[in-house]
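Enquirer: Below is the sequence, then the predicted model.
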Amino acid sequence: MSGKFDTIYRQSIEAPGTFWAHAARDLYWHKSWDDVIDGSNPPATRWFAGAEFNTAYNCLDRHIDAGFGSQTAVIYDSPVTGVVRHITYSALLAEVARFAGALAGHGVVKGDRVIIYMPMVPEALVAMLACARLGAIHSVVFGGFAAKELATRIDDCQPKIIVGASCGIEAARVVAYKPLIDEAISLAKHKPAHCIILQRDRQRAEMQAGRDLDWLEVTAAATPHDCVPVPATDPLYILYTSGTTGAPKGVVRDNGGHAVALNWSMRNIYNMERGEVFWAASDVGWVVGHSYIVYAPLLYGCTTVLYEGKPVGTPDAGAFWRVIEQHKVRTLFTAPTALRAVKREDPEGKLVGNYDISSLRALFLAGERSDPPTLEWAEAKLGVPVIDHWWQTETGWAIAANCLGIEQLPVKHGSPTRAAPGWDVRVLGDDGHPAKAGEIGNIVCKLPLPPSSFPTLWNAHERYRKSYFDHFPGYYETSDAGYIDGDGYVYIMARTDDIINVAGHRLSTGGMEEVLASHPDVAECAVIGVTDELKGQLPLGFLVLKAGVTKPHEKVVIEAVQLVRDRIGPVAAFKTATVVNRLPKTRSGKILRGTMQKIADGAAYNMPATIDDPAILGEIEGALKGVGYARK
């Protein structure tokens, strides 16, 4: 190890206090820290204990004080409404300060919770930053989430106010949000004092007298509010995990450590400079939206793109390339599933040629495993580095990445490269012993976890300890399975519950998906393990074909099965696959493999709260019956 990356990585592991204290000096602290690392209550680590900090001040006021108020902070691009709006740092500060005044005027103080249930509009960012300005704790819930799920979150975090909108707007439909808020409040035991509602012209909401307040009216009447310094270890937000299984977990993010890690990542991972345009094509309801639509770009002084649309259909599969050209995007960050959707509709990448994307320096992918064929397609069509990186809601930023701002390491398709500075990643067997290089096991991170990592779960510290730390003492259990090769490259193969056991052989569904995705007719795929009396489990594949494929489905399936047999071998016991029109996913793009497995085995299941379109499950059941499964 002798490169620049190796030197920086080694410093971060051997002297984390010194390393992160140096990174913290780029930000403004109302009061300096007593301890960089406070590990007095393991397994949690508190960063910058004793310091006072305000995240909103560092996102806005700090840049304006330095003379950058006229720089664009946010580009709101909404193809579904035909609106493009540029908001400067000064203008954004004015809106945030005024809305903070509106919240304070209706009783919100430091430590209070505020639920935000909004579409991808600038007011969502304003509400988040206004809470941060007051030292209040926001909990953003993905707009359009089912009322029952919203009610669960209301009861758990007990907000003083809910900030919402009348509706969300999509290319083909309008989703009424306000009735969902009303139903959620009726279901919840906790009743918020007020709802502040942004009325959108496409569909206006009925307001409940005494409880509901109009966004425009309350902001017009409000007095701008100053920043409230809070302990750096105080919560900035609560973000509930998607809850595809079990009760959702309220991941807590602190103020100081979160800001330090995100600010550091913009230069060192994403290779950004102040004033450049960064676009995370996600949603503020997810962790990527929190970290890289809102906080990281604004902390670092970049321009962030807030996009209200889809990768395809607004109006076509060239939507991403249009935004890059129009706004001179330097770095795009999206999910592999979005790129696969583009690839499916435009497999030859012809639409890329319609736009000048010369401003683009890199494409980053995260959210689920990136299959090499999709990476290779993007590399060929875009002509820039395509970087897979791995992180989780619990961490708030990348655990493993190719840190372009430090030193670009060789790309290995299928790997998010090496552990990022601050992260000591290991692979352990089920017995807790280290796995050999190349051997699949449980991916864990040695404590202490770096800044931005969650210090607890909201109102559930014992669950925090049991869920993440008890199984492998001294380590954070990621619940991802994979291996580390001889060069230190991390490979995420599946969630640990997606490792299937075929006649005693531990096999990765991700490895099989990688092979299937390489078939020239396959746009997207998924593999699950289904119950088998003889071998315990057998793999079963789902194939989504590229647009324009005319080959008989049966022939594609035969070829795909043979491909797995050739690449992985008979040990995979891969014999069955079926062609489907689409895969069931959460709204953030994760494939619902666990639900598909329950349907295949004929087991009872609950409708996942995060599912994008429940009708897909009926399609999956029909396809499974066609290959002899889903028999109850």
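Expert: Right, received. Where do you want to start?
Enquirer: Show me where the stretch 351-500 of the chain dips below the pLDDT cut-off.
Expert: Within the stretch 351-500 of the chain, the stretches with pLDDT under 70 are 496-499.
Enquirer: which residues of it fall in strands?
Expert: Using DSSP state E, counting those that start in this stretch, the strands of the stretch 351-500 of the chain run over 362-365, 386-388, 390-391, 398-401, 418-419, 425-428, 441-446, 475-484, 490-495, 499-502.
Enquirer: Which other helices and strands does the first one contact?
Expert: In terms of contact count using 3 or more C-beta pairs under 8 Å, 6 or more residues apart in numbering; DSSP states H and E, strand 362-365 is assigned the packing partners strand 329-334, helix 372-382, strand 386-388. For glycine as for every other residue, the C-beta is placed from the backbone atoms N, C-alpha and C.
Enquirer: In PDB, could you pull the C-alpha coordinates for that strand?
Expert: Output of strand 362-365 as PDB, limited to C-alpha atoms (Å, rounded to 0.1, in the frame of the first residue of the first chain):
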ATOM      1  CA  ALA A 362     -18.900  10.700 -13.300                       C
ATOM      2  CA  LEU A 363     -22.000   8.600 -12.700                       C
ATOM      3  CA  PHE A 364     -22.400   7.100  -9.200                       C
ATOM      4  CA  LEU A 365     -24.700   4.200  -8.500                       C
END
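Enquirer: which parts of that strand are buried?
Expert: Neighbour counts over strand 362-365 (16 or more other C-beta atoms under 10 Å) mark Ala362, Leu363, Phe364, Leu365 as buried.
Enquirer: partner strands of it, parallel or antiparallel?
Expert: strand 329-334 (parallel), strand 386-388 (parallel) (DSSP bridges).
Enquirer: The residue nearest to Gly50 when sequence neighbours are not counted: what's it in contact with?
Expert: Of all residues not flanking Gly50 in the chain, Asp34 sits nearest, at 3.1 Å (C-beta to C-beta, 6 or more residues apart in numbering). For Asp34, the contact set (C-beta atoms under 8 Å, 6 or more residues apart in numbering) comprises Ala49, Gly50, Ala51.
Enquirer: dump the residue contacts of the second one.
Expert: Pointing back at Gly50 there. So Gly50 contacts Lys31, Ser32, Trp33, Asp34, Asp35, Pro231, Ala232 (C-beta under 8 Å, 6+ apart).
Enquirer: Now a ChimeraX select for only the buried ones of these.
Expert: To isolate the buried members of the contacts of Gly50 in ChimeraX, using 16+ other C-beta under 10 Å:
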select :33,231,232
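Enquirer: Domain map for the protein?
Expert: As assigned by automatic domain parsing, the chain contains the domains 4-309+389-482, 503-626.
Enquirer: one step back: CSV please, covering the buried residues of strand 362-365 and showing distance to Thr610.
Expert: Compiled in CSV, those are given as follows (distance: C-beta to C-beta, whole Å):
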residue, distance to Thr610
Ala362, 29
Leu363, 25
Phe364, 23
Leu365, 20
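Enquirer: For Leu339, state which of the residues you listed is nearest.
Expert: Here the nearest of these to Leu339, counting by C-beta to C-beta, is Leu365; it sits at 6.7 Å.
Enquirer: from memory Ile154 sits against Ala188, does it?
Expert: Yes: between Ile154 and Ala188 a contact is recorded at 4.1 Å, counting by C-beta atoms under 8 Å.
Enquirer: who's more crowded, those two?
Expert: For the pair Ile154 and Ala188, the greater number of neighbours falls to Ile154 (26 against 20), based on other C-beta atoms under 10 Å.
Enquirer: show me what contacts that one?
Expert: Ile115, Ile162, Ala184, Ile185, Ala188, His190, Pro192.
Enquirer: Quick check on the fifth one: phi, psi?
Expert: Backbone geometry at Ala188, expressed as degrees, to the nearest 10, gives phi -80, psi 150.
Enquirer: thought it was touching Ala147?
Expert: No: using C-beta under 8 Å, Ala188 is not in contact with Ala147, being 9.4 Å away.
Enquirer: picking up where we left off before, now the contacts of Asp34 as CSV including pLDDT and distance to Ile324?
Expert: Below are the contacts of Asp34 laid out as CSV (pLDDT from 0 to 100; distance: C-beta to C-beta, whole Å):
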residue, pLDDT, distance to Ile324
Ala49, 98, 42
Gly50, 98, 43
Ala51, 98, 38
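Enquirer: low-scoring stretches of this protein, by residue?
Expert: 1-2, 242-246, 496-499, 501, 503-506, 632.
Enquirer: Just give me the neighbour total for Gly3.
Expert: 11.
Enquirer: so what's the nearest residue in space to it that is not next to it in sequence up against?
Expert: Nearest residue to Gly3, sequence neighbours excluded (C-beta to C-beta, 6+ apart): Glu407, at 5.6 Å. Glu407 is in contact with Gly3, Lys4, Phe5, counting by C-beta under 8 Å, 6+ apart.
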